[in-house]
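S.K.: Got a predicted model here, sequence first, then my questions.
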Amino acid sequence: MLWLLLLHISSVVCWCGSLLYLPALITGAASQHTDIERERQQAMMFLVYRLFSTPAALMAILSGTALFITGGISKHWLIIKLTLVAVLVLCHVFSGWMLLLTQNRSCKNIGAASVLLRIVVAILIPSIVWIVLSKPL
């Protein structure tokens, strides 16, 4: 079970790190002036999102679910944590939507949404860690 906890923590770190990095990539792609620079930046965004962020998210959710099932945890703090994780999943989906908007160039002012996403993720991550570390024994 310790290996499962290690897998969960490492995948959560990778997922959260990529969620903090993706808004910066999105803002960078939106600010590129030439098509070649924009295409290169978009390729990097989709690479991070598809090959790193999404698999890390899936692994974090699956390993967390396995920990929940094998540990028999059913406490009130878990409901709060899972609610915050659900909001983190929505942030993941929102970043994917912003990637598509950047690719289609249909949103000129994506910088504000990117900053909002960064702020929400930056608040969610320590909130989830605080809930997990302050749980009663």
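M.R.: Happy to help now that I have it. Numbering: from 1, shown residues only.

S.K.: Restrict the worst-scoring helix or strand of the chain on mean pLDDT to CA atoms and write it as PDB.
M.R.: None of the helices or strands of the chain scores lower by mean pLDDT, DSSP states H and E than helix 35-48, at a mean of 85. Extracted in PDB, the C-alpha atoms of helix 35-48 (Å, rounded to 0.1, in the frame of the first residue of the first chain):
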ATOM      1  CA  ASP A  35       2.600  32.000 -37.100                       C
ATOM      2  CA  ILE A  36       5.700  29.800 -36.800                       C
ATOM      3  CA  GLU A  37       6.200  30.900 -33.200                       C
ATOM      4  CA  ARG A  38       2.500  30.400 -32.400                       C
ATOM      5  CA  GLU A  39       2.500  26.900 -33.900                       C
ATOM      6  CA  ARG A  40       5.600  25.900 -32.000                       C
ATOM      7  CA  GLN A  41       4.100  27.200 -28.800                       C
ATOM      8  CA  GLN A  42       0.800  25.400 -29.500                       C
ATOM      9  CA  ALA A  43       2.600  22.200 -30.100                       C
ATOM     10  CA  MET A  44       4.300  22.500 -26.800                       C
ATOM     11  CA  MET A  45       1.000  23.200 -25.100                       C
ATOM     12  CA  PHE A  46      -0.700  20.200 -26.500                       C
ATOM     13  CA  LEU A  47       2.300  18.000 -25.700                       C
ATOM     14  CA  VAL A  48       2.200  19.000 -22.100                       C
END
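
S.K.: tell me which element the most centrally placed residue in the chain is part of?
M.R.: What sits nearest the mean C-alpha location of the chain, by C-alpha atoms, centre = their mean, is Leu19, with 3.7 Å. Leu19 is located in helix 2-30, with elements delineated by DSSP states H and E.

S.K.: How far off centre is stretch 68-81?
M.R.: 21 Å (C-alpha atoms, centre = their mean, to the nearest Å).
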